[in-house]
Every structure is written in C-alpha cells, then in structure tokens.
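Enquirer: Sequence and predicted structure are below.
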Amino acid sequence: MDKMLYIAASGAKQDLHATQLRANNLANAQTTGFKAQLEQARAMPAFGEGLPTRVFAMTESPGSDMEGGAMIKTDRDLDIAIQGKGWFSVQDQNGEEAYTRAGNLKLSAQGVLEDGHGNMVIGDAGPVVVPLPLDKFQIANDGTISIRPRGAPEDVLVQVGQIKMVNPGDDVMERGKDGLFRLKSGDVADVDPNVSLRSGMLEGSNVNTVEEMVSMINLQRHYEMQVKLMKQAEDLDQQGNMLMRIL
C-alpha cells in the first residue's frame with residue numbers, strides 16, 4: 001500500500017513540476033526574444049543498498065528550444081533583431097558576459113546602451129556608452145553604432161562603437177536563472193563577423209501557445225489520475241483496517 005501511495009504522490013509531484021515549466025513558457029509567449037524551455041520525463045535509477053534495480057520518474061528541462069521567433073517590425077531605432085543564428089553580448093548583474101536575443105534596447109540617462117532588463121550591451125571596447133544629447137541614433141547590420149550629436153549638420157554621423165555578436169553554437173549554450181544564456185564551459189565567446197542584425201525589428205517569443213496549452217491539459221489530466229490513485233490507496237487501507245477489526 002505504501003508503495004502504491006508513494007508512486008502516485010511522486011508522479012503527481014513531477015506533474016506539478018512540468019506544469020510550472022509549461023506555465024512559465026505561456027507567461028513568456030509575448031516576451032521579446034524568449035526561448036521556450038523544453039520538458040521531458042525520464043526514469044532515474046534509485047541508488048541505495050544493493051544494486052540500483054529500481055527506478056523513479058523525474059521531470060526535467062534538458063534545455064531550450066533554439067528556433068527563432070517571429071520577426072516584428074517596429075521601426076524603432078533602438079530595436080534590433082539577430083538574423084539567423086547568433087547572439088549579442090550583454091553584461092549581467094555580476095559583471096560577467098552573457099548573451100541574449102532580446103533586442104529591445106534603451107539608453108540610460110548617462111548614455112549607456114542597455115537591454116530591456118537594464119543589462120549593459122557589450123561592444124568592441126566594453127559596455128557601449130553614447131555621448132548625449134543626440135539627434136540621430138542608428139545601428140548597422142554589422143552592429144556598428146553611429147550617432148549625430150545634437151546640433152551637428154545633417155550629413156554628420158559619428159561611429160561610437162560596435163555591438164559584440166557571437167555564434168558559438170546552440171549546443172554549447174545554457175540558460176541561466178536570470179534568463180540570459182552563457183557558454184556551458186564558462187568561457188567567453190569570440191566575436192563572429194558573420195552574425196548580422198536588423199535594426200527597427202524585434203524577434204518575438206518562439207513559444208507555441210497551442211502546443212503549450214495542449215501539454216498543460218494533458219498534465220492536468222495525468223495529475224488528476226495520480227490523485228485518484230492516492231484516494232484508491234486510502235480506501236484500500238481503510239477497508240483493510242475494517243477487516244482487521246472484524247477478525
């Protein structure tokens with residue numbers, strides 16, 4: 001009886017973990033550059049005394065779906081979208097280099113170029129800082145940033161830096177708890193001159209809402225089945241106790 005209850009309870013726990021992951025994907029269906037988290041259940045050997053002949057189920061996220069999201073035209077000078085494979089570099093809250101495809105950039109009051117979460121964008125000479133005030137701001141396909149200072153002639157454009165873009169390969173990248181991606185090895189990726197971007201565009205989330213909703217429904221049904229199994233274990237236990245009283 002205890003084994004039946006344990007199997008049902010552990011199954012329900014894993015269903016809840018999977019539901020949380022799917023719910024997080026759905027919550028980020030409109031998040032710029034978001035990569036859907038993958039979810040899978042697999043059997044894990046139960047180690048202990050003797051040989052590991054028993055297994056238990058475990059739900060985990062083996063990685064992220066690296067397919068590109070839909071391209072959204074915004075015509076905003078500070079919006080960029082990586083074309084094809086690649087990432088652009090930012091400095092995370094710990095001062096370390098990380099990578100993202102969320103190109104909804106902004107300028108701080110000090111002229112620091114930041115992503116939508118306030119992480120500084122890294123260029124060819126460290127964090128990109130733009131002299132203010134300015135009349136024009138543009139980013140070329142190779143990441144080169146040019147500005148026209150306020151009051152300068154119309155034909156004047158000054159290059160102030162170039163966004164660092166990398167393409168180390170999706171299989172060597174992993175998502176951090178802050179949503180940024182990093183190399184699994186902990187190293188810093190090299191600049192890849194073949195990566196290009198488009199200005200005035202954003203890459204949308206690659207979450208498939210229909211697929212996520214269907215998975216949520218299936219997980220909910222599976223969870224209900226586990227609860228019924230636990231209730232059945234309780235009924236069997238009560239019937240066994242009643243039988244013992246009669247005897």
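Expert: Right, received. Where do you want to start?
Enquirer: could you point out the longest helix in this structure?
Expert: Longest helix of the chain, by residue count under DSSP state H: helix 209-246.
Enquirer: Give the buried residues for that one.
Expert: Of all the residues in helix 209-246, those buried under the rule 16 or more other C-beta atoms under 10 Å are 212, 215, 216, 219, 222, 223, 226, 229, 230, 233. All C-beta atoms are positioned from the backbone trio N, CA, C, and that covers glycine.
Enquirer: Against residue 198, how distant is residue 96?
Expert: For residue 96, the distance to residue 198 equals 27 Å [C-beta to C-beta, to the nearest Å].
Enquirer: that's a helix at residue 174, yeah?
Expert: No: Residue 174: not assigned to a helix; according to DSSP: H, G, I helix; E, B strand; the rest coil it is strand.
Enquirer: Now do it: how many residues are near it, please.
Expert: By other C-beta atoms under 10 Å, the residues close to residue 174 number 12.
Enquirer: Run through the bridge partners of it.
Expert: residue 182 (DSSP bridges).
Enquirer: hmm, back to that, output the buried residues of helix 209-246 in a markdown table; the columns should cover distance to residue 12 and pLDDT.
Expert: Output for the buried residues of helix 209-246, formatted as a markdown table (distance: C-beta to C-beta, whole Å; pLDDT from 0 to 100):
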| residue | distance to residue 12 | pLDDT |
| --- | --- | --- |
| 212 | 20 | 94 |
| 215 | 16 | 93 |
| 216 | 15 | 92 |
| 219 | 10 | 92 |
| 222 | 9 | 91 |
| 223 | 6 | 91 |
| 226 | 4 | 89 |
| 229 | 9 | 89 |
| 230 | 7 | 89 |
| 233 | 12 | 86 |
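Enquirer: and the residues you listed as CSV, adding distance to residue 40?
Expert: As requested, the buried residues of helix 209-246 are exported to CSV (distance: C-beta to C-beta, whole Å):
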residue, distance to residue 40
212, 15
215, 11
216, 16
219, 13
222, 14
223, 17
226, 18
229, 22
230, 24
233, 27
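Enquirer: ok so, going back, quick one, which of residue 96 and residue 198 is more surrounded?
Expert: Ranked by neighbour count (other C-beta under 10 Å), residue 96 and residue 198 place residue 198 first, with 17 against 13.
Enquirer: Identify the residues contacting the closest residue in space to that one that isn't next to it in sequence.
Expert: Nearest residue to residue 198 in three dimensions, chain neighbours excluded: residue 81, at 5.2 Å (C-beta to C-beta, 6 or more residues apart in numbering). Residue 81 makes contacts with 71, 72, 101, 103, 197, 198, 201, 202, 203, as judged by C-beta atoms under 8 Å, 6 or more residues apart in numbering.
Enquirer: if I read this right, the second one contacts residue 198, doesn't it?
Expert: Read that as residue 72. No: using C-beta atoms under 8 Å, residue 72 is not in contact with residue 198; the gap is 10.8 Å.
Enquirer: Residue 179: which of the buried residues of helix 209-246 is nearest?
Expert: residue 212 (17.5 Å; C-beta to C-beta).
Enquirer: Filter the contacts of residue 81 down to just the ones in strands.
Expert: 71, 72, 197, 198, 201, 202, 203 (DSSP state E).
Enquirer: how far away is the second one from residue 104?
Expert: Separation of residue 72 from residue 104 (C-beta to C-beta): 10 Å.
Enquirer: Now the common contact residues for the two.
Expert: Common contacts of residue 72 and residue 104, defined by C-beta under 8 Å, 6+ apart, comprise residue 202.
Enquirer: Any buried residues in stretch 123-133, and which?
Expert: Counting neighbours by 16+ other C-beta under 10 Å, the buried set in stretch 123-133 is 123, 127, 128, 129, 130.
Enquirer: Stretch 55-64 now?
Expert: Going by neighbour count (16+ other C-beta under 10 Å), the buried part of stretch 55-64 is 59, 64.
Enquirer: first vs last residue of that stretch, how far apart are they?
Expert: Using C-alpha to C-alpha, to the nearest Å, one end of stretch 55-64 lies 26 Å from the other.
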